[in-house]
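Pasting the sequence and the predicted coordinates here, then a few questions.
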Amino acid sequence: MLEVTNVQVYNLREAVIAARNPMRTVPAQHTDEEFEASLQRCVKLIRHGGGSGHTNFRTGIVVSFDVRYPQYWSMEAQRYHFFQIVSSSSKMHSLAKLDIRRSCNEYVTEQSIAQLEQLARAYNDHPTEEGLMTMLSNCPMGLELFMHITTNYEQLATIYKQRKTHRLRDWHVFCHFIEQLPYAQELICVERENPE
């Protein structure tokens, strides 16, 4: 099952305050009052201005985290254009050394685990290109790997909207992580109002 840890959020106050810059005649004062007033303005911009560039302030709210994931999840996650993979585990470099049983999720069959363990033993006994490619090519999608990612609130808003009712449970876990971020209800999970 997908797991998100080591979450850090950067530049939230500054980006929220900067959202009011287009209407300012003097530089912002970075006070609690300024933040609260700017936060209310941000909520209005999100509700009324989706797709118009009014939500661009969210790109300045940077989020980094570690995620442990099944391989099938990462193929879907990599479609997002600002989902920077800082570094990830390498299946090619570590598969022959992994505790395969511990590294597979609960949906990988016993037969698949046994086959991959046998292929890893064969490769470790006689490391060849053919053995490596056979082992990699027969790896189940439920093998769990890990990576460190940076993204921002704007991208997380897109992900949340597109994935909150997704068929895969892993996306529900990821959306729950999004919901727990600071000011997520005001800045990420808010629905755009329909123009009349």
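Here it is on my side, so go on. Please read these numbers as outputs of a predicted model, since none were measured by experiment.

Tell me which stretches of the chain form strands.
When assigned using DSSP state E, the strands of the chain occupy the ranges 3-10, 62-70, 84-88, 144-152.

mean confidence for the last one?
Read it as strand 144-152. Across strand 144-152, the average pLDDT comes to 96.

So what's the model's average confidence on the longest helix belonging to the chain?
Using DSSP state H, we find that the single longest helix of the chain is helix 32-49. The average pLDDT for helix 32-49 rounds to 90.

who touches it?
Residues outside helix 32-49 that contact it (CB atoms under 8 Å, 6 or more residues apart in numbering) are 13, 16-20, 28, 54-55, 57, 157, 183, 186-187, 190-193, 195. For glycine as for every other residue, the C-beta is placed from the backbone atoms N, C-alpha and C.

His126 is nearest to which of the strands of the chain?
Proximity to His126 (CB to CB) singles out strand 144-152 among the strands of the chain, at 25.2 Å.

how about that closest one: buried residues?
Neighbour-count burial for strand 144-152 flags 144-145, 147, 149-152 (criterion: 16 or more other CB atoms under 10 Å).

And for stretch 11-29?
Buried residues in stretch 11-29, defined by neighbour count with 16+ other CB under 10 Å: 12-13, 15-20.

next one: stretch 107-116
Applying a neighbour-count criterion of 16+ other CB under 10 Å, the buried positions in stretch 107-116 are 108, 112-113, 115-116.

swap in stretch 33-46?
35, 38-39, 41-42, 45-46.

ok now it, how far from the chain's centre?
Averaging C-alpha positions (CA atoms, centre = their mean, to the nearest Å) puts stretch 33-46 25 Å from its chain's average.

what's the answer for stretch 92-109, then?
Taking CA atoms, centre = their mean, one finds the center of stretch 92-109 at 22 Å from the center of the full chain.

any idea of the mean pLDDT for it?
The pLDDT scores in stretch 92-109 average 95.

now swap in stretch 60-80 and tell me
Stretch 60-80 carries an average pLDDT of 93.

now the end-to-end length of that stretch.
Counting by CA to CA, to the nearest Å, the length from the leading to the trailing residue of stretch 60-80 is 17 Å.

from the buried residues of stretch 33-46, which single one is nearest Glu130?
Glu130 lies nearest to Ile46 out of those, by CB to CB, at 54.0 Å.

From Asp125, how far out is the closest one?
Distance from Ile46 to Asp125, counting by CB to CB, to the nearest Å: 58 Å.

so who does Met92 touch?
Taking CB under 8 Å, 6+ apart as the criterion, Met92 is in contact with 132, 136.

can you do 10 Å?
With CB atoms under 10 Å, 6 or more residues apart in numbering as the criterion, the residues that contact Met92 are 132-133, 135-136.

quick one: which of the strands of the chain is nearest Trp171?
For these, the distance to Trp171 is smallest for strand 62-70, at 10.7 Å, taking CB to CB.

what packs against that closest one?
The helices and strands touching strand 62-70, judged by 3 or more CB pairs under 10 Å, 6 or more residues apart in numbering; DSSP states H and E, are strand 3-10, helix 12-18, helix 71-77, strand 84-88, strand 144-152, helix 153-163, helix 169-179.
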